[in-house]
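In: Okay, here's the prediction I keep looking at, along with the sequence it came from:
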Amino acid sequence: MPSTIRVLIADDHLIIRQGLRLILETAEDLQLVGEAADGAEAVRLAGSLQPDVVLMDLRMPGMDGLAAIERLGEEQPHIAVVILTTFNEDELMMRGLRAGARGFLLKDTDRETLFNAIRAAARGETLLRPEIMARLLSAAQKPASSERGREPKTGEGGPALTERECEVLVGVARGERSKEIAARLGITERTVKAHLDSIYNKLGVDSRAAAVSVALQRGLIK
(Lines give C-alpha, C1' and ligand atoms only; values in the text may rest on other atoms or scores of the structure.)
Protein backbone atom coordinates (compact mmCIF):
# COMPACT_ATOMS: atom_id res chain seq x y z
CA MET A 1 0.00 0.00 0.00
CA PRO A 2 1.39 3.46 -0.85
CA SER A 3 2.46 5.69 2.04
CA THR A 4 0.05 8.34 0.77
CA ILE A 5 -3.24 7.09 -0.69
CA ARG A 6 -4.47 9.17 -3.61
CA VAL A 7 -8.27 9.54 -3.65
CA LEU A 8 -10.69 10.67 -6.34
CA ILE A 9 -14.28 11.59 -5.43
CA ALA A 10 -17.11 11.06 -7.93
CA ASP A 11 -20.48 12.46 -6.84
CA ASP A 12 -22.90 14.81 -8.56
CA HIS A 13 -23.76 16.61 -5.31
CA LEU A 14 -21.36 19.44 -4.54
CA ILE A 15 -22.13 19.37 -0.84
CA ILE A 16 -21.13 15.69 -0.64
CA ARG A 17 -17.86 16.37 -2.42
CA GLN A 18 -17.13 19.34 -0.18
CA GLY A 19 -17.87 17.33 2.96
CA LEU A 20 -15.65 14.44 1.87
CA ARG A 21 -12.89 16.86 0.94
CA LEU A 22 -12.91 18.39 4.42
CA ILE A 23 -12.90 14.97 6.06
CA LEU A 24 -10.06 13.62 3.91
CA GLU A 25 -7.94 16.65 4.74
CA THR A 26 -7.81 15.48 8.37
CA ALA A 27 -5.99 12.24 7.49
CA GLU A 28 -2.25 12.56 6.89
CA ASP A 29 -2.03 9.44 4.72
CA LEU A 30 -4.93 10.39 2.40
CA GLN A 31 -4.66 12.91 -0.43
CA LEU A 32 -7.60 14.14 -2.49
CA VAL A 33 -6.37 14.45 -6.07
CA GLY A 34 -9.59 15.21 -7.92
CA GLU A 35 -13.38 15.50 -8.01
CA ALA A 36 -15.88 14.40 -10.65
CA ALA A 37 -19.56 15.23 -11.03
CA ASP A 38 -20.50 12.25 -13.21
CA GLY A 39 -19.25 8.84 -14.26
CA ALA A 40 -17.68 9.94 -17.53
CA GLU A 41 -15.63 12.60 -15.78
CA ALA A 42 -14.64 10.06 -13.13
CA VAL A 43 -13.30 7.66 -15.78
CA ARG A 44 -11.43 10.47 -17.54
CA LEU A 45 -9.87 11.83 -14.34
CA ALA A 46 -8.99 8.35 -13.12
CA GLY A 47 -7.03 7.82 -16.32
CA SER A 48 -5.12 11.09 -16.04
CA LEU A 49 -4.69 11.37 -12.26
CA GLN A 50 -4.16 7.67 -11.48
CA PRO A 51 -5.69 7.67 -7.98
CA ASP A 52 -5.31 4.66 -5.73
CA VAL A 53 -8.98 4.74 -4.70
CA VAL A 54 -12.13 6.21 -6.25
CA LEU A 55 -15.12 7.01 -4.04
CA MET A 56 -17.96 6.45 -6.51
CA ASP A 57 -21.58 7.53 -6.21
CA LEU A 58 -23.94 5.14 -7.99
CA ARG A 59 -26.62 7.59 -9.12
CA MET A 60 -25.22 10.35 -11.32
CA PRO A 61 -26.45 12.01 -14.53
CA GLY A 62 -25.11 10.83 -17.87
CA MET A 63 -22.82 7.88 -17.20
CA ASP A 64 -23.84 6.55 -13.79
CA GLY A 65 -21.53 5.07 -11.18
CA LEU A 66 -22.18 1.47 -12.16
CA ALA A 67 -21.19 2.08 -15.78
CA ALA A 68 -18.14 3.99 -14.60
CA ILE A 69 -17.09 1.07 -12.36
CA GLU A 70 -17.38 -1.31 -15.31
CA ARG A 71 -15.29 1.02 -17.49
CA LEU A 72 -12.63 1.38 -14.83
CA GLY A 73 -12.54 -2.38 -14.39
CA GLU A 74 -11.79 -2.73 -18.09
CA GLU A 75 -9.40 0.19 -18.52
CA GLN A 76 -7.86 0.77 -15.06
CA PRO A 77 -8.25 -2.49 -13.09
CA HIS A 78 -5.49 -1.50 -10.65
CA ILE A 79 -7.61 1.39 -9.32
CA ALA A 80 -9.78 0.40 -6.36
CA VAL A 81 -13.38 1.60 -6.29
CA VAL A 82 -15.43 2.10 -3.13
CA ILE A 83 -19.12 2.80 -3.73
CA LEU A 84 -20.97 5.63 -2.02
CA THR A 85 -24.47 4.31 -1.43
CA THR A 86 -27.72 4.56 0.48
CA PHE A 87 -29.83 1.80 2.00
CA ASN A 88 -32.32 1.66 -0.86
CA GLU A 89 -29.88 0.44 -3.53
CA ASP A 90 -29.45 -3.25 -2.75
CA GLU A 91 -29.61 -4.43 -6.35
CA LEU A 92 -27.18 -1.74 -7.49
CA MET A 93 -24.83 -2.70 -4.66
CA MET A 94 -24.84 -6.32 -5.82
CA ARG A 95 -24.18 -5.23 -9.39
CA GLY A 96 -21.41 -2.95 -8.21
CA LEU A 97 -19.69 -5.84 -6.45
CA ARG A 98 -19.93 -7.98 -9.55
CA ALA A 99 -18.43 -5.12 -11.57
CA GLY A 100 -15.40 -5.08 -9.28
CA ALA A 101 -16.05 -2.57 -6.49
CA ARG A 102 -14.08 -3.37 -3.35
CA GLY A 103 -16.52 -2.03 -0.81
CA PHE A 104 -19.39 0.26 0.10
CA LEU A 105 -19.78 3.33 2.22
CA LEU A 106 -23.01 4.84 3.42
CA LYS A 107 -23.13 8.57 2.88
CA ASP A 108 -23.76 9.09 6.59
CA THR A 109 -20.77 6.98 7.63
CA ASP A 110 -18.41 8.15 10.36
CA ARG A 111 -14.90 9.38 9.63
CA GLU A 112 -12.98 6.35 10.90
CA THR A 113 -15.13 3.93 8.90
CA LEU A 114 -14.48 6.05 5.81
CA PHE A 115 -10.73 6.00 6.41
CA ASN A 116 -10.67 2.26 7.13
CA ALA A 117 -12.62 1.47 3.96
CA ILE A 118 -10.29 3.59 1.81
CA ARG A 119 -7.18 2.03 3.35
CA ALA A 120 -8.57 -1.48 2.98
CA ALA A 121 -9.37 -0.84 -0.69
CA ALA A 122 -5.86 0.52 -1.28
CA ARG A 123 -4.49 -2.72 0.20
CA GLY A 124 -6.63 -4.71 -2.22
CA GLU A 125 -9.00 -5.84 0.52
CA THR A 126 -12.75 -5.61 0.99
CA LEU A 127 -14.32 -3.99 4.03
CA LEU A 128 -18.10 -4.21 4.33
CA ARG A 129 -19.97 -2.89 7.34
CA PRO A 130 -22.15 -5.54 9.05
CA GLU A 131 -25.40 -3.74 8.22
CA ILE A 132 -24.48 -3.60 4.52
CA MET A 133 -23.49 -7.26 4.50
CA ALA A 134 -26.84 -8.07 6.12
CA ARG A 135 -28.67 -6.27 3.33
CA LEU A 136 -26.62 -8.04 0.67
CA LEU A 137 -27.42 -11.35 2.31
CA SER A 138 -31.11 -10.45 2.35
CA ALA A 139 -31.04 -9.38 -1.29
CA ALA A 140 -29.35 -12.64 -2.28
CA GLN A 141 -31.65 -14.86 -0.21
CA LYS A 142 -33.42 -17.50 -2.28
CA PRO A 143 -36.50 -19.57 -1.45
CA ALA A 144 -34.55 -22.80 -1.85
CA SER A 145 -33.73 -24.80 1.23
CA SER A 146 -30.92 -23.35 3.32
CA GLU A 147 -29.74 -26.78 4.37
CA ARG A 148 -26.25 -27.37 3.07
CA GLY A 149 -24.01 -30.34 3.61
CA ARG A 150 -20.26 -30.46 3.62
CA GLU A 151 -19.86 -31.66 0.06
CA PRO A 152 -18.49 -29.38 -2.70
CA LYS A 153 -21.00 -26.77 -3.78
CA THR A 154 -21.86 -25.57 -7.23
CA GLY A 155 -24.81 -23.26 -6.61
CA GLU A 156 -26.44 -22.32 -9.91
CA GLY A 157 -24.03 -24.24 -12.12
CA GLY A 158 -20.33 -23.76 -12.58
CA PRO A 159 -17.35 -25.60 -11.09
CA ALA A 160 -17.74 -26.83 -7.54
CA LEU A 161 -16.17 -25.05 -4.58
CA THR A 162 -14.45 -27.31 -2.08
CA GLU A 163 -15.31 -27.23 1.60
CA ARG A 164 -12.08 -25.35 2.33
CA GLU A 165 -12.77 -22.81 -0.38
CA CYS A 166 -16.20 -22.19 1.13
CA GLU A 167 -14.57 -21.66 4.54
CA VAL A 168 -12.15 -19.16 3.04
CA LEU A 169 -15.00 -17.40 1.25
CA VAL A 170 -16.97 -17.10 4.50
CA GLY A 171 -13.96 -15.35 6.01
CA VAL A 172 -13.82 -12.99 3.06
CA ALA A 173 -17.53 -12.21 3.50
CA ARG A 174 -16.84 -11.37 7.15
CA GLY A 175 -14.19 -8.88 6.09
CA GLU A 176 -11.30 -10.94 7.43
CA ARG A 177 -7.81 -10.37 6.03
CA SER A 178 -5.83 -13.25 4.57
CA LYS A 179 -3.72 -13.57 7.70
CA GLU A 180 -6.86 -13.70 9.87
CA ILE A 181 -8.40 -16.40 7.67
CA ALA A 182 -5.13 -18.32 7.79
CA ALA A 183 -4.96 -18.15 11.59
CA ARG A 184 -8.58 -19.25 12.00
CA LEU A 185 -8.23 -22.20 9.63
CA GLY A 186 -4.73 -23.19 10.69
CA ILE A 187 -3.20 -22.72 7.24
CA THR A 188 -0.64 -20.33 5.73
CA GLU A 189 -1.42 -17.01 4.06
CA ARG A 190 0.02 -18.42 0.84
CA THR A 191 -2.51 -21.25 1.00
CA VAL A 192 -5.32 -18.76 1.57
CA LYS A 193 -4.24 -16.81 -1.51
CA ALA A 194 -4.10 -20.03 -3.52
CA HIS A 195 -7.66 -20.85 -2.45
CA LEU A 196 -8.74 -17.32 -3.41
CA ASP A 197 -7.20 -17.69 -6.87
CA SER A 198 -9.10 -20.96 -7.31
CA ILE A 199 -12.34 -19.35 -6.12
CA TYR A 200 -11.89 -16.43 -8.54
CA ASN A 201 -11.34 -18.81 -11.43
CA LYS A 202 -14.36 -20.95 -10.58
CA LEU A 203 -16.71 -18.00 -10.06
CA GLY A 204 -15.37 -15.99 -13.00
CA VAL A 205 -14.44 -12.94 -10.90
CA ASP A 206 -11.27 -11.03 -10.08
CA SER A 207 -11.87 -9.52 -6.65
CA ARG A 208 -12.96 -10.48 -3.15
CA ALA A 209 -16.06 -8.32 -3.28
CA ALA A 210 -17.19 -9.82 -6.58
CA ALA A 211 -16.57 -13.33 -5.23
CA VAL A 212 -18.76 -12.61 -2.21
CA SER A 213 -21.52 -11.16 -4.40
CA VAL A 214 -21.58 -14.16 -6.76
CA ALA A 215 -21.35 -16.64 -3.89
CA LEU A 216 -24.30 -15.02 -2.12
CA GLN A 217 -26.39 -15.06 -5.28
CA ARG A 218 -25.63 -18.73 -5.93
CA GLY A 219 -26.29 -19.72 -2.34
CA LEU A 220 -22.73 -20.94 -1.73
CA ILE A 221 -22.44 -19.13 1.63
CA LYS A 222 -24.99 -17.99 4.16
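Out: Happy to help now that I have it.
In: Wait, residue 61 touches residue 40, no?
Out: No - Residue 61 lies out of contact with residue 40 (CB atoms under 8 Å); the separation is 9.7 Å. Any C-beta I mention is one placed from the backbone N, CA and C, and that applies to glycine too.
In: which of these two has more neighbours?
Out: Higher neighbour count among residue 61 and residue 40: residue 40, with 18 against 10, using other CB atoms under 10 Å.
In: And the pLDDT for that one?
Out: Looking at residue 40, its pLDDT stands at 96.
In: Next up, the contacts around it.
Out: The contact partners of residue 40, by CB atoms under 8 Å, 6 or more residues apart in numbering, come to 62-63, 68.
In: and residue 14, how many neighbours?
Out: For residue 14, using other CB under 10 Å, the count is 10.
In: what's the nearest residue to it if we skip its chain neighbours?
Out: residue 37 (7.9 Å; CB to CB, 6 or more residues apart in numbering).
In: Provide the contact partners of the helix ranked longest in the chain at residue level.
Out: Longest helix in the chain by number of residues (criterion: DSSP state H): helix 189-203. With CB under 8 Å, 6+ apart as the test, helix 189-203 has contacts from 158-161, 164-165, 168-169, 172, 178-179, 181-182, 185, 206-208, 210-211, 214-215.
In: The helix or strand of the chain with the lowest mean pLDDT: what's the following helix or strand?
Out: The least trusted helix or strand in the chain, going by mean pLDDT, DSSP states H and E, turns out to be helix 130-140, with a mean of 62. Using DSSP states H and E, the helix or strand that follows helix 130-140 in sequence is helix 163-173.
In: which helices and strands does that following helix pack with?
Out: helix 178-185, helix 189-203, helix 208-218 (3 or more CB pairs under 8 Å, 6 or more residues apart in numbering; DSSP states H and E).
In: just checking, which of the ones you listed sits deepest inside the structure?
Out: Most buried of the helices and strands packed on helix 163-173, by mean neighbour count (mean count of other CB atoms under 10 Å): helix 208-218, with a mean of 25.
In: how far is it from where the chain is centred?
Out: Relative to its chain's centre, helix 208-218 lies at 10 Å (CA atoms, centre = their mean, to the nearest Å).
In: Over to stretch 173-192?
Out: That offset, for stretch 173-192, works out to 18 Å (CA atoms, centre = their mean).
In: What helix or strand is residue 33 located in?
Out: strand 30-36.
In: picking up where we left off before, buried only: go through the contacts of residue 40 for me.
Out: Taking 16 or more other CB atoms under 10 Å as the criterion, what is buried in the contacts of residue 40 is 63, 68.
In: Which parts of the chain belong to which domain?
Out: What automatic domain parsing lists as the domains of the chain is 5-138, 147-218.
In: what does the strand holding residue 33 contact?
Out: Under CB under 8 Å, 6+ apart, the answer for strand 30-36 is 4-11, 17, 20-21, 24-25, 42, 44-45, 49, 51, 115, 118.
In: Give me the buried positions along stretch 159-179.
Out: For stretch 159-179, by 16+ other CB under 10 Å, it's 161, 165-173, 175-178.
In: which of the residues you listed sit farthest apart?
Out: 161 and 177 (20.4 Å; CB to CB).
In: where does the residue lying closest to residue 23 once chain neighbours are set aside land on pLDDT?
Out: Once flanking residues are discounted, residue 23 sits nearest to residue 111: 5.5 Å by CB to CB, 6+ apart. pLDDT, residue 111: 92.
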